[in-house]
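Colleague: pasting a predicted model and its sequence here:
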Amino acid sequence: MKVVVTKDYTEMCKLASRIFAAEITLKPDCVLGLATGSTPVGMYKELVQMYNEHRVDFSHVKTVNLDEYAGLSGDNDQSYRYFMNHNLFDHINIDKANTNVPNGTAADLQAECERYEQVVAGMGGVDIQLLGIGNNGHIAFNEPCEEFPEKTHVVDLTQNTIEANARFFSSMDEVPKKALTMGIGTIMKAKKIVLLANGPKKAQTIYDTVYGPITPKVPASILRLHPDVTIFVDEEAGALLKK
Ligand code: PGA
């Protein structure tokens, strides 16, 4: 695991965007694993800017997102499909047919998880996976638990996550209580992984991820067993690493 402490959020986003752009240059039809949340917004802005400057071409790129809220359709502005369209896909030359987000309104959520797992496998796996991290160490919506979940599954969100995500909704009651998420096994199959974290609220979980025991109670800690992971943190999220 490589850890890069950047001066600030802007530098973190710039560096991470260059890694994704390089992947696309080297393999124009690569599969990008993408993430939502406030952390990757700046990186997506950088990629849009690079696209506008003709420095990156998304025409053959395929994408798979990590997760989606159960019960929210893609045109709901809180859904992760909406987030991806709004923050990235609507501004670049990607074919939306090549972009995948779990369907949060599928009649049978379990069947949707199985379908999604097959979609990822059918694309030949993810070439480079972007991750954020929850204050509680979750990656995608794999919440702290007793055993690492392997495949795409339906998850009950923890109170910590519901509270952390309430800022995007008009009230806490509106935050969905369930989500569909890639499993830890799905994520660990990616060839490369880039995790981003910024701000003081992430400092403890970044410390636990890098130095603590590898445990499903800190889901991101398993990334230490992956052969190609780079963690970018700003100085605040990396503050405890130096001690
Ligand atoms: P955030 O969420 O980027 O909004 O902090 C990260 C996560 O929960 O994975």
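Modeller: Received the coordinates, thanks. For clarity, every value in this text was computed on a predicted model and none was experimentally measured.
Colleague: does the ligand sit close to the helix or strand harbouring Val64?
Modeller: Assigned by DSSP states H and E, Val64 belongs to strand 62-65. No: contact between strand 62-65 and the ligand is absent, the nearest approach being 12.1 Å (criterion: CB under 6 Å from any ligand atom). Bear in mind the C-beta positions are built from the backbone N, C-alpha and C, glycine included.
Colleague: determine the set of other helices and strands touching whatever helix or strand comes next after that strand.
Modeller: Toward the C-terminus, strand 62-65 is succeeded by strand 67-69 as the next helix or strand (DSSP H and E). Counting by 3 or more CB pairs under 8 Å, 6 or more residues apart in numbering; DSSP states H and E, the packing neighbours recorded for strand 67-69 are helix 80-87, strand 178-181.
Colleague: partner strands of strand 67-69, with direction?
Modeller: According to DSSP bridges, strand 67-69 forms sheet pairs with strand 178-181 (antiparallel).
Colleague: measure the closest residue in space to Ile128 that isn't next to it in sequence to the ligand for me?
Modeller: Leaving aside its chain neighbours, Ile128 sits nearest to Lys192 (4.5 Å; criterion: CB to CB, 6 or more residues apart in numbering). Going from Lys192 to the ligand by CB to the nearest ligand atom, to the nearest Å gives 18 Å.
Colleague: list phi and psi for the closest residue to the ligand within the chain.
Modeller: Residue of the chain nearest the ligand, by CB to the nearest ligand atom: Gly37 (2.8 Å). For Gly37, the backbone dihedrals (degrees, to the nearest 10) come out as phi 100, psi 180.
Colleague: returning to what we had before: which other helices and strands contact the strand holding Val64?
Modeller: strand 31-34, helix 80-87, strand 99-100.
Colleague: what about the strands in the chain?
Modeller: Under the criterion DSSP state E, the chain carries strands at the ranges 2-6, 31-34, 62-65, 67-69, 99-100, 128-131, 153-156, 178-181, 192-197, 229-234.
Colleague: would you reformat those strands as CSV and include mean neighbour count, distance to Gly122 and mean pLDDT?
Modeller: CSV is the format used below for those (neighbours: other CB atoms under 10 Å; distance: least, CB to CB, whole Å; pLDDT from 0 to 100):
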stretch, mean neighbour count, distance to Gly122, mean pLDDT
strand 2-6, 15, 30, 98
strand 31-34, 25, 10, 98
strand 62-65, 22, 10, 98
strand 67-69, 25, 18, 98
strand 99-100, 20, 10, 98
strand 128-131, 25, 16, 98
strand 153-156, 18, 18, 96
strand 178-181, 24, 17, 98
strand 192-197, 24, 20, 98
strand 229-234, 23, 24, 98
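Colleague: for those strands, which one sits closest to Arg55?
Modeller: strand 31-34 (16.1 Å; CB to CB).
Colleague: chain center to that closest one, what's the gap?
Modeller: Its chain's C-alpha centre and that of strand 31-34 lie 9 Å apart, by CA atoms, centre = their mean, to the nearest Å.
Colleague: sheet partners, orientation included, of that strand?
Modeller: strand 62-65 (parallel), strand 128-131 (parallel).
Colleague: so, low pLDDT: which residues of this structure?
Modeller: Under the criterion pLDDT under 70, the flagged ranges of the chain are 243.
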